[in-house]
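Student: Show me how the following folds:
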Amino acid sequence: MTFKNVTSPRRTLMLATAVATLSLAACGGGGSSGATADPGTPTSDPVARAAGPLDPVQTQLESAVLAPLASALAGTPLEGVVDCANELVNYKILDTVDVLAGGLALSANPADLTSLDQTLDPDLLTQRVRAIAFDTTQLLLSLNDQGSTCASLGNSVEGSSPAQQLLSGDNPLAGTPFESLGATLGPALSQLLDATGGSTPATDLPVASLVSAYQQFNTTLQTSLAMLPDEVQDAPVVSGVLLTVGGALDDLESVFASLTTFDATGLQSSLTALLSGIASNLTTRLIPLGGLEGGVGQPGALSDLNALAVGDFGSTLAGLIAGGNPITGGTSLNLLDSVLAPLRDTVLGPIQDLLALEFGSNPVASGSTGDLLTNTPLAPVVDVISGVLSGLLGGSGDTPCINLPLLGDLLCPST
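Tutor: Sure, this is the predicted structure:
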């Protein structure tokens, strides 16, 4: 599955609004407060992660999926892309859920979302939204090997010349397949920062104002992602990153929307979608299982192995969070282990090992995968990954199969 194939009806309906937002942002308008060309270089945003009930899940996703994949891609532009996906999705977005969970846990009646006015820390929420915008920027710049590392926990564009160019009105991605992305990302980031305090995070920003700023940022970003060339959206690992990031940012908007409408039922539903989507995409899309399944003509043969576990993971944790209930580390890890177990040894590990072997023994040189990726940093990396995936496809005659250990006859039927 690629990013462009998962556009929801809601995103489609938002397209006209996105176009208007792009026009306004590019001209310095849009939103209640307008956007400035340069809100100043943010330097005082916090760098600490938010503690909360999802901490064990974040640690496990990093150690089991994201860190090994980044290590396998060491020395390539995709190492930074995966590192930023870890920081953005696994930490910054799930940290936002942790902040929300803290507010709900302190509420005398979690079903009454108006009580969050007293229990939800507006400073922490604003900081997390800004951190999401910063890391989204670095991740997308990393597609052209121009992003700064997100793993340093830095929530500021300070030290990243390309990000500062974006805020000053220049486009560091000009002349690349990502030029349109850079042209819209700069105004969107500037607008969000301006609406949330400019060079320093606002304090006591009303939730409704913060949510409005985030909605405008996300609407612009979703439209920009959908406009990326097919070669980018179809590239292995890259497509998984875009799908994971785009889906998580959109689901988080739904979480925020339920807060502004005081919809407790909608909050639980949107939290379920967010948590389930992240667990599913990180385990079955970031790792390019779709390409393998398509190669043997059996869509879902691998990725569907954890579908029920993903649903249980998302709905159970969402129900506990929305109800203001505590989540023990044992509960969350048991739920996540059920998601990882069918894939960890049989699929995730072998693919990561082969990628590490390939990049370790054959350093990335020049390459070209599609006209629009030629002469970009992604081209040779995608070539190597495509070769690894091709090597995993075996079989003979009319009975292709996937050569992965421990799968037995599941995808390699005996003849």
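
Student: now stretch 221-228: mean pLDDT?
Tutor: Stretch 221-228 carries an average pLDDT of 89.

Student: If you count neighbours, what's buried in that stretch?
Tutor: Leu221, Gln222, Thr223, Ser224, Leu225, Ala226, Leu228 (16 or more other C-beta atoms under 10 Å). Yep, even glycine has a C-beta here, placed from its N, CA and C like the rest.

Student: Now, the residues you listed that are in helices?
Tutor: Leu221, Gln222, Thr223, Ser224, Leu225, Ala226 (DSSP state H).

Student: So which elements touch the helix or strand harbouring Gln127?
Tutor: Taking DSSP states H and E as the criterion, Gln127 maps to helix 122-142. On a contact count with 3 or more C-beta pairs under 8 Å, 6 or more residues apart in numbering; DSSP states H and E, helix 122-142 meets helix 77-85, helix 94-106, helix 161-168, helix 179-195, helix 207-226, helix 238-260.

Student: Gly314 touches Leu275, doesn't it?
Tutor: Yes: the pair formed by Gly314 and Leu275 meets the contact definition of C-beta atoms under 8 Å, at 4.0 Å.

Student: Comparing the two, which shows the higher neighbour count?
Tutor: The neighbour comparison of Gly314 against Leu275 (other C-beta atoms under 10 Å) goes to Leu275, with 25 against 22.

Student: measure the more buried one to Glu358 for me?
Tutor: Leu275 sits 33 Å away from Glu358, going by C-beta to C-beta, to the nearest Å.

Student: next one: Leu317
Tutor: Following C-beta to C-beta, the distance that separates Leu317 from Glu358 is 36 Å.

Student: before we move on, what about Ser315?
Tutor: Counting by C-beta to C-beta - Ser315 and Glu358 are separated by 38 Å.

Student: Distance check, the nearest residue to Pro206 once chain neighbours are set aside against Thr203.
Tutor: Among residues not flanking Pro206 along the chain, Pro122 sits closest, at 7.4 Å (C-beta to C-beta, 6 or more residues apart in numbering). Distance from Pro122 to Thr203, counting by C-beta to C-beta: 7 Å.

Student: higher neighbour count, those two?
Tutor: The neighbour comparison of Pro122 against Thr203 (other C-beta under 10 Å) goes to Pro122, with 20 against 10.

Student: and the residue nearest the centre of the chain, what pLDDT?
Tutor: By C-alpha atoms, centre = their mean, the chain has its centre lying nearest to Val245, at 2.2 Å. Here the pLDDT value assigned to Val245 is 94.

Student: Ok, Pro326 next?
Tutor: pLDDT, Pro326: 89.

Student: surely it meets Pro53?
Tutor: Yes: counting by C-beta under 8 Å, Pro326 touches Pro53, with 6.9 Å between them.

Student: Which one's more surrounded, the two?
Tutor: Pro53 (21 against 10).

Student: Make sure Pro68 is actually in contact with Gln352.
Tutor: Yes: with contact defined as C-beta under 8 Å, Pro68 counts as touching Gln352 (4.7 Å).

Student: mean confidence score for stretch 91-106?
Tutor: Here the average pLDDT along stretch 91-106 is 94.

Student: mind saving the C-alpha coords of it as PDB?
Tutor: The C-alpha coordinates for stretch 91-106 follow below in PDB (Å, rounded to 0.1, in the frame of the first residue of the first chain):
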ATOM      1  CA  TYR A  91       7.500  10.000  20.400                       C
ATOM      2  CA  LYS A  92       6.100  13.400  19.600                       C
ATOM      3  CA  ILE A  93       2.600  12.300  18.500                       C
ATOM      4  CA  LEU A  94       2.300   9.600  21.200                       C
ATOM      5  CA  ASP A  95       3.700  12.000  23.700                       C
ATOM      6  CA  THR A  96       0.700  14.200  22.900                       C
ATOM      7  CA  VAL A  97      -1.500  11.300  23.800                       C
ATOM      8  CA  ASP A  98       0.400  10.900  27.000                       C
ATOM      9  CA  VAL A  99      -0.300  14.600  27.800                       C
ATOM     10  CA  LEU A 100      -3.900  14.100  27.100                       C
ATOM     11  CA  ALA A 101      -4.000  10.900  29.200                       C
ATOM     12  CA  GLY A 102      -2.600  12.900  32.100                       C
ATOM     13  CA  GLY A 103      -5.400  15.400  31.900                       C
ATOM     14  CA  LEU A 104      -8.100  12.800  31.700                       C
ATOM     15  CA  ALA A 105      -6.600  10.800  34.600                       C
ATOM     16  CA  LEU A 106      -6.800  13.900  36.800                       C
END
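
Student: The helix or strand encompassing Ser280 - contacts with which helices or strands?
Tutor: Element membership for Ser280, per DSSP H and E: helix 264-284. On a contact count with 3+ C-beta pairs under 8 Å, 6+ apart, helix 264-284 meets helix 94-106, helix 238-260, helix 307-322, helix 329-343.

Student: what's next to the shortest one, contact-wise?
Tutor: I take that to be helix 94-106. Helix 94-106 is touched from outside by 49-55, 57-58, 110, 116, 119-121, 124-125, 128-129, 131-132, 252, 255, 259, 271, 274-275, 278, 321-327, with contacts defined as C-beta atoms under 8 Å, 6 or more residues apart in numbering.

Student: where does the stretch 251-400 of the chain dip in pLDDT?
Tutor: Across the stretch 251-400 of the chain, the ranges flagged by pLDDT under 70 are 361-372, 374-375, 394-400.

Student: just to revisit the earlier point, off-centre distance for the helix holding Gln127?
Tutor: The chain centroid and the centroid of helix 122-142 are separated by 12 Å, computed with C-alpha atoms, centre = their mean, to the nearest Å.

Student: What average pLDDT does that helix get?
Tutor: On average, helix 122-142 scores 89.

Student: List the buried residues in it.
Tutor: 122, 124-142.
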